[in-house]
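[1] this one's sequence-less:
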Ligand code: UD1
């Protein structure tokens, strides 16, 4: 029997790619999204990509009555919970919004799942829970911390899930710690396209490449890294989406939870990403060296062994493919 999965935040960047990966893997999926950070045309585009109608319910994850109705109307086998706020700077300006959407949103979902007798959940966490790790690559056993409200919410959600799983063995959770998701679907129909000035590196570079932004500011070239700029573990969103399918497969098959890193295990500097994007876009891109961004860490990349061991997951796509797919998406988007 085809199993149906609910994707909260399924119209967003990672959610929409995961929707496609789930359908490809033989799952059925439905989306709940409030479109606070997603485009409405995403569902049409998902229909083009998958060749099948998309069920998308517009609403908020805090709306427990709506969640109850969804679980009553659909035979859901598991939930993947993407719906959350994710901008670090904004979380400092609006901490209560972040606490409410990210933490209270998770609790609302869990309460409703429990009423529906549904106990399998994949949770979107982040490598932000590691802060600046003492040891690299950073393993899942590394100490966790936070230095802004966004990071706090991810840690608080992880700890909440741990408490629940420890006290009630009906629950199984797959906690996925994403490194830096970038890139887009090969069709160029879905990708990341923030409405405002992007906070994250690759969407910013993409808008420099389309001349929507003048130049990249490289935040700091005096870090203790090979070229002095910050190093991160960028992962293609297509690989990341597949990681969710493998997490779900493992939860549904084994009934056992897991906490794993989803990254490539390789770190690239800001300037290496810029050069790779220049190759993809076929032009040089203007940049300037600017002061360090508050709260940034020098270098983070993940230990990928546990994901391989538990999920059989290994990222396959490299930096050039990440940049090429981003450019394919963003340059088409500009022309349509
Ligand atoms: C950021 C968040 C992290 C969150 C993640 C979500 C901060 C401090 N951290 O991670 O908590 O989980 O996004 O995707 O915001 N850079 C530039 N110029 C730019 C943008 C970025 O030089 O215009 C540099 C940064 O200094 C960093 C690297 O590029 O070295 C990657 O930055 P970014 O894409 O924002 O990701 P993180 O900082 O890793």
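    On my side now, so go ahead. Keep in mind the model is a prediction, meaning the values are calculated, not measured.

[2] going forward, measure contacts between C-alpha atoms and count neighbours the same way
    Noted.

[3] what sits against the residue lying closest to residue 191 once chain neighbours are set aside?
    In this structure, residue 191 finds its nearest non-sequential neighbour in residue 184, 4.4 Å apart by CA to CA, 6 or more residues apart in numbering. Going by CA atoms under 8 Å, 6 or more residues apart in numbering, residue 184 touches 190-192, 236-238, 322, 325-326, 329.

[4] of the residues you listed, closest to residue 200?
    residue 192 (10.5 Å; CA to CA).

[5] any idea how far the closest residue to that closest one other than its chain neighbours lies from residue 86?
    Distance criterion CA to CA, 6+ apart; nearest residue to residue 192, sequence neighbours excluded, is residue 13 at 5.4 Å. Distance, residue 13 to residue 86, by CA to CA, to the nearest Å: 12 Å.

[6] of the two, which one has the most company?
    Taking other CA atoms under 10 Å, residue 13 and residue 86 do not tie; residue 13 has more neighbours (24 against 16).

[7] quick check: that one vs residue 179, distance?
    Residue 13 sits 14 Å away from residue 179, going by CA to CA.

[8] do the same with residue 66
    Taking CA to CA, one finds residue 66 at 32 Å from residue 179.

[9] so for those two, which sits in the more crowded spot?
    Set residue 66 next to residue 179 and count neighbours by other CA under 10 Å: residue 179 wins out with 23 against 17.

[10] mind listing what that one touches?
    126-127, 232-235, 261-263, 301-302.

[11] which residues in the stretch 151-300 of the chain form helices?
    Using DSSP state H, counting those that start in this stretch, the helices of the stretch 151-300 of the chain run over residues 201-209, 237-254, 270-281.

[12] and of these, who's closest to the ligand?
    Closest to the ligand of the helices of the stretch 151-300 of the chain is helix 201-209 (CA to the nearest ligand atom; 3.7 Å).

[13] ok and the closest one relative to helix 270-281, angle-wise?
    If you take axes from the mean of the first three to the mean of the last three CA atoms, to 10 degrees, helix 201-209 sits at 50 degrees to helix 270-281.

[14] spell out which residues of the stretch 151-300 of the chain are next to the ligand.
    By CA under 6 Å from any ligand atom, the residues of the stretch 151-300 of the chain that approach the ligand are 180, 199-201, 204, 216-219, 230-232, 270, 293, 295-296.

[15] rerun at 8 Å
    On the criterion CA under 8 Å from any ligand atom, the ligand has as its neighbours in the stretch 151-300 of the chain the residues 151, 178-181, 198-202, 204-205, 216-220, 229-232, 269-270, 290, 292-300.

[16] in ChimeraX, how would I select just the buried ones from those residues?
    The buried residues among those can be selected in ChimeraX (16 or more other CA atoms under 10 Å) with this line:
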select :151,178,179,180,181,198,201,202,204,205,216,217,218,219,220,229,230,231,232,269,270,292,298,299,300
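
[17] out of the residues of the stretch 151-300 of the chain next to the ligand, which are inside strands?
    For those, the ones inside strands are 178, 180-181, 216-219, 231-232, 269, 290, with DSSP state E as the criterion.

[18] now render these as CSV, adding pLDDT.
    Formatted as CSV, these follow (pLDDT from 0 to 100):
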residue, pLDDT
178, 98
180, 98
181, 98
216, 98
217, 98
218, 98
219, 98
231, 98
232, 98
269, 98
290, 98
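
[19] residue of the stretch 51-200 of the chain closest to the ligand, please.
    residue 200 (3.3 Å).

[20] tell me how far that residue lies from residue 192.
    Between residue 200 and residue 192 the computed distance is 11 Å (CA to CA).

[21] on that earlier part again, and the pLDDT at the residue nearest to residue 192?
    pLDDT recorded at residue 13 is 97.

[22] quick one: residues contacting it.
    38, 190-192.

[23] make TSV out of those residues and add neighbour count.
    Listed next are the contacts of residue 13 as TSV, based on neighbours: other CA atoms under 10 Å:
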residue	neighbour count
38	20
190	27
191	27
192	24
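
[24] closest one of these to residue 118?
    Residue 118 lies nearest to residue 38 out of the contacts of residue 13, by CA to CA, at 26.9 Å.

[25] and that closest one, how close does it get to residue 192?
    9 Å.

[26] then residue 159?
    Counting by CA to CA - residue 159 and residue 192 are separated by 29 Å.

[27] so where is the chain shaky, pLDDT-wise?
    The chain contains residues with pLDDT under 70 at 334-336.

[28] quick one: the strands in it, in order.
    Going by DSSP E, the chain shows strands at 4-8, 28-33, 56-58, 76-81, 120-126, 172-178, 180-182, 216-219, 231-232, 234-236, 258-262, 268-269, 287-290.

[29] and the angle from the fourth one to strand 120-126?
    Spelled out, it's strand 76-81. Using the same axes, to 10 degrees: strand 76-81 against strand 120-126 is 10 degrees.

[30] I'd guessed residue 206 sits against residue 328; true?
    No. Checked against CA atoms under 8 Å, the pair residue 206 and residue 328 is beyond contact range at 10.1 Å.
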